[in-house]
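J.: Here is a sequence with its predicted model. Questions after.
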Amino acid sequence: MKQKRTQLFVIIDPESTHQVALVKALLIAKLGNCHIHAFMCVYNELKDNPQASSRKGLKLHTLAEAEARLKELLEPCDTCDVPYTTEIVWNKRWYEMLLHSIAKSGCDLVIKSSIHHSKAKRFFSRTSDYTLMRYSPSPILFTHQSQEWRTDKILACIDLESEDQQHTRLNNVIIRNARAVAEIIGMDLCIASVYKNSIDETRFPIKVDTSGSIEEELARLYGVEPGNLYLRQGAAVETLVGICKETDPSILIIGSIARTGVRGKLIGNTAEKLLDAVDADVLTVN
């Protein structure tokens, strides 16, 4: 049976001269059996383009320019024999069209470039990163770096303290995606879990063998070396940042749970806070 290609959905930034997401997608595609779908959303106001004779003419001209640019950007795919498709959309509310296209594509992984923002900018503006992180039906890799990854480690962050079924399901999705990415790229999987209070072993998904430590038993459960499991007590964000500095992963994988309203904005999301706090690329699953 022919192996199904991994579908990579790459967000092209029409205002950027250097397409970090596309560079990273091509790197992944060359390592695995991947197909790239390049998405670009463009829009121009007639009032900002006095040389245009009509709105229709401006739209056709802008789309033609976008198509030519996208063709040029994807030339490395032809050179490396990586299959790809393109999608160009004309719409002012680009992130809404993006979410619709992601859902329609049924892709395995979305790749988007991201830059570090200050806390104030993240708080007072609804950035596209947060919108996608909360509502994308597919995992998203936010990449800060266009070059090859510095290390061969992937760090998957799971919550072994929460009792609700939502976190249990999210843990399973995180591990499943972490294994898939690690296999495609050829990296070692590490797992981190942070707890606030004392460890209650009854909350863990296994019964602990009294002859071994909880770390050894959990490492056996998740199929990693005991030295690749990090079980720490402390505040989630600060502790995970510390583990990242210690392990220096190329990719950090963490779950994101959508929160709405004022309370959601004030409390925030661990994944959102880590996006600006670590140097690693951040892969979020919802």
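T.: Sure thing, it's come through. Numbers count the residues shown, from 1 in each chain.

J.: how much space is there between Tyr135 and Val110?
T.: Distance from Tyr135 to Val110, counting by Cβ to Cβ, to the nearest Å: 12 Å. Yep, even glycine has a C-beta here, placed from its N, CA and C like the rest.

J.: The two: which has the busier surroundings?
T.: Val110 (29 against 15; other Cβ atoms under 10 Å).

J.: three-state assignment of that one?
T.: Under DSSP: H, G, I helix; E, B strand; the rest coil, Val110 falls in the strand class.

J.: Could I get the contacting residues of it?
T.: Phe9, Val10, Ile11, Ile102, Leu132, Ser136, Ser138, Pro139, Ile140, Leu141 (Cβ atoms under 8 Å, 6 or more residues apart in numbering).

J.: could you point out the longest helix in the chain?
T.: Taking DSSP state H as the criterion, the chain has its longest helix at helix 165-185.

J.: which secondary structure elements does that one contact?
T.: The contact analysis (3 or more Cβ pairs under 8 Å, 6 or more residues apart in numbering; DSSP states H and E) places helix 165-185 against helix 20-31, strand 153-158, strand 188-195, strand 251-255, strand 281-285.

J.: Swap in 10 Å and give it another go.
T.: Judged by 3 or more Cβ pairs under 10 Å, 6 or more residues apart in numbering; DSSP states H and E, helix 165-185 is in contact with strand 6-11, helix 20-31, strand 109-113, strand 153-158, strand 188-195, helix 214-222, strand 251-255, strand 281-285.

J.: From the contact counts, what lies against the second one?
T.: Packing contacts for helix 20-31, counted by 3+ Cβ pairs under 10 Å, 6+ apart, involve strand 6-11, strand 34-42, helix 55-73, helix 75-79, strand 84-90, strand 109-113, strand 140-143, helix 165-185.

J.: Can you point out the buried residues in it?
T.: Residues of helix 20-31 classed as buried: Val20, Ala21, Leu22, Val23, Lys24, Ala25, Leu26, Leu27, Ile28, Ala29 (neighbour count, 16 or more other Cβ atoms under 10 Å).

J.: Now render the residues you listed as CSV, adding distance to Asn197 and pLDDT.
T.: Listed next are the buried residues of helix 20-31 as CSV, based on distance: Cβ to Cβ, whole Å; pLDDT from 0 to 100:
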residue, distance to Asn197, pLDDT
Val20, 40, 92
Ala21, 39, 94
Leu22, 44, 95
Val23, 43, 93
Lys24, 38, 93
Ala25, 41, 94
Leu26, 45, 93
Leu27, 41, 91
Ile28, 39, 92
Ala29, 44, 93
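
J.: And the residues you listed, which is closest to Ile174?
T.: Ile28 (18.4 Å; Cβ to Cβ).

J.: how close does the closest one get to Leu98?
T.: 20 Å.

J.: just to revisit the earlier point, now the longest helix of the chain: how far from the chain's centre is it?
T.: 12 Å (Cα atoms, centre = their mean, to the nearest Å).

J.: before we move on, the earlier item: would you reformat the buried residues of helix 20-31 as JSON lines and include distance to Asn91?
T.: Below are these laid out as JSON lines (distance: Cβ to Cβ, whole Å):
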{"residue": "Val20", "distance to Asn91": "23"}
{"residue": "Ala21", "distance to Asn91": "19"}
{"residue": "Leu22", "distance to Asn91": "21"}
{"residue": "Val23", "distance to Asn91": "25"}
{"residue": "Lys24", "distance to Asn91": "25"}
{"residue": "Ala25", "distance to Asn91": "22"}
{"residue": "Leu26", "distance to Asn91": "26"}
{"residue": "Leu27", "distance to Asn91": "29"}
{"residue": "Ile28", "distance to Asn91": "27"}
{"residue": "Ala29", "distance to Asn91": "27"}
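
J.: Done for today, thanks.
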